[in-house]
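Peer 1: Structure for this input, please:
(4 chains)
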Number of protein chains: 2
Amino acid sequence: MNPPSTTQVTTRSHSVALTADCAIFGYSDDSLRVLLVRRAVEPFKGFWVLPGGAMQQDETLRGTADRLLRDLVNVENIPIRQVGTYSALKRHPIRRVVTTSYYALVSPDDHDPIAREHLDQVMWCSMDKLPELGFDHREILDDAYEKLKDELRQQPLAFHLLPESFTLKEAQEVYESILGEDLDRRNFRRKILAYDFLINTEEKKPGIKGGPELYRIDDSKLENHLQ
Amino acid sequence: MNPPSTTQVTTRSHSVALTADCAIFGYSDDSLRVLLVRRAVEPFKGFWVLPGGAMQQDETLRGTADRLLRDLVNVENIPIRQVGTYSALKRHPIRRVVTTSYYALVSPDDHDPIAREHLDQVMWCSMDKLPELGFDHREILDDAYEKLKDELRQQPLAFHLLPESFTLKEAQEVYESILGEDLDRRNFRRKILAYDFLINTEEKKPGIKGGPELYRIDDSKLENHLQ
DNA sequence: CCAAAAGTGTTTCGGATACACCCATGC
DNA sequence: GCATGGGTGTATCCGAAACACTTTTGG
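Peer 2: Have a look, this model is predicted:
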């Protein structure tokens, strides 16, 4: 049995690299998607992976994740949550890399830019059709997706995946594709209309039979429901 | 906007130390307790902190946490969960230390040994009477406690805090002190007896009016309910 | 005008809560 | 024997789930 000296940092750092990896979720073309990037160098050259980067000296891990989001999708102040930290010995085949993962939710209003420039190196990949991922990113992504599902059941997060105005049907479809289950239309409407952050714009979405009403979010009120 | 090169580990490690800190919870003398150790060196010399240690070269963070538990309370194979990773720039005043926190639940059958030897450096501190903690350990402990509460509401974790045999009243008291609310006796009994992992030992606990029945856990069945 | 989708209310069910009496034991 | 705590069953409440018809619009 050791004395409490175990509480000190007694050992040298073995040049462990610290990184942040980010599962950036979006919703488009009727499916939940995650942003993947293609590795340009070994190891796992040519594999798709979650975007990630090394934590800089003057940065927190959260700061690293924020920076990735700025660089890749040019957004700030969107919901982002820490998921977990992965430290298996051989998760990176060459050197010791410990990574902390986050997930983030971006609206389709924001996630166009990058797609045009690096079509061959970046993709919004449907969660139904994931390729093999490099490193342990499949496990990291699965954990992030599970956490997203857990949180969505407890708070109305999914609206961050919708454009500025949307129909309730569209909101329901986002919920359904994240949770992977069908929801009753009337129960769903009742439930989310019970919140006070949905504003009926009094406009109707053209081009769709039935003439569905468009809603938008009162951001300041939505914040009361988060966390 | 950066190209996907952000996905590579391009920067040098700045000798960031990686540690694991552990909120080890136990239940004794009618209250939920957490194991604290007293810092023997600067910074925060003399302050109480959560037990923690540096991740070794051949170790995962989880391995570090397991080692702490072996050294401090001499237990293995008890429930342990990762809570979060803390990377604020000045959380350690001298060097950069990033820590990943865990919480663990130990039974009173296990948590005697250390207390005798290092009475002045280790204590099982009631969660109601926490001293000021060094570093950001108060925040880490609060987060761990919140996570414990969340998980307890969803799965029957608290039995790991009880001795081998116990009365339902004792189990209820553990639940009540973790959740911080009073529970109805009959509803509580109904709920946990509905699980199949409680075995009535047919013995009664002596020395208590009413002659309460003693129960024990069928570990293999309990496992079905965890995670 | 007809097909497709949107909008709306009520009933039912199940789990959680509230609650009161009898029984066993310690002193 | 009496005070204290243990053990048990039922009525109620509330949120979730199930369910069908009318209205609006596009073609």
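
Peer 1: how near is the residue in chain A that DNA strand C sits nearest to to A:D184?
Peer 2: In chain A, the residue that lies nearest DNA strand C is A:G210 (2.6 Å; C-beta to the nearest atom of the strand). Glycine gets a C-beta too; all of them are placed from N, C-alpha and C. According to C-beta to C-beta, to the nearest Å, A:G210 and A:D184 sit 18 Å apart.

Peer 1: what are the ranges of the strands in chain A?
Peer 2: Defined through DSSP state E, the strands belonging to chain A, from first to last, are A:17-28, A:31-38, A:48-49, A:52-54, A:80-86, A:97-105, A:122-126, A:165-167, A:198-204, A:213-217.

Peer 1: how about those in CSV, adding distance to DNA strand D and mean pLDDT?
Peer 2: Below are those laid out as CSV (distance: least, C-beta to the nearest atom of the strand, whole Å; pLDDT from 0 to 100):
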stretch, distance to DNA strand D, mean pLDDT
strand A:17-28, 21, 97
strand A:31-38, 20, 95
strand A:48-49, 35, 97
strand A:52-54, 36, 96
strand A:80-86, 22, 98
strand A:97-105, 22, 98
strand A:122-126, 26, 93
strand A:165-167, 12, 96
strand A:198-204, 6, 95
strand A:213-217, 9, 96
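
Peer 1: Pipe those strands into TSV and attach distance to chain B and mean neighbour count per row.
Peer 2: Below are those laid out as TSV (distance: least, C-beta to the nearest C-beta, whole Å; neighbours: other C-beta atoms under 10 Å in any protein chain shown):
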stretch	distance to chain B	mean neighbour count
strand A:17-28	5	24
strand A:31-38	4	22
strand A:48-49	6	20
strand A:52-54	4	24
strand A:80-86	5	21
strand A:97-105	5	25
strand A:122-126	6	19
strand A:165-167	27	19
strand A:198-204	27	13
strand A:213-217	26	18
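
Peer 1: would you turn those into JSON lines with distance to B:S107?
Peer 2: Converted to JSON lines, the strands of chain A look like this (distance: least, C-beta to C-beta, whole Å):
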{"stretch": "strand A:17-28", "distance to B:S107": "35"}
{"stretch": "strand A:31-38", "distance to B:S107": "41"}
{"stretch": "strand A:48-49", "distance to B:S107": "42"}
{"stretch": "strand A:52-54", "distance to B:S107": "40"}
{"stretch": "strand A:80-86", "distance to B:S107": "26"}
{"stretch": "strand A:97-105", "distance to B:S107": "31"}
{"stretch": "strand A:122-126", "distance to B:S107": "46"}
{"stretch": "strand A:165-167", "distance to B:S107": "51"}
{"stretch": "strand A:198-204", "distance to B:S107": "48"}
{"stretch": "strand A:213-217", "distance to B:S107": "48"}
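
Peer 1: I'd say A:T64 and A:D58 touch.
Peer 2: No - the pair A:T64 and A:D58 fails to qualify as a contact (C-beta atoms under 8 Å) at a distance of 10.8 Å.

Peer 1: Could you list the residues of chain A in contact with DNA strand D?
Peer 2: Listed as neighbours of DNA strand D in chain A under the rule C-beta under 7 Å from any atom of the strand: A:D184, A:R185, A:R186, A:N187, A:K191, A:K204, A:P206, A:G207, A:I208, A:K209, A:G210, A:G211.

Peer 1: 6 Å - rerun?
Peer 2: With the criterion set to C-beta under 6 Å from any atom of the strand, chain A comes near DNA strand D through A:D184, A:R186, A:N187, A:K204, A:P206, A:G207, A:I208, A:K209, A:G210, A:G211.

Peer 1: Scan these and report the most crowded one.
Peer 2: Sorting the residues of chain A next to DNA strand D by how many neighbours each has (other C-beta atoms under 10 Å in any protein chain shown) puts A:K204 first, at 13 neighbours.

Peer 1: I appreciate the help and will end here.
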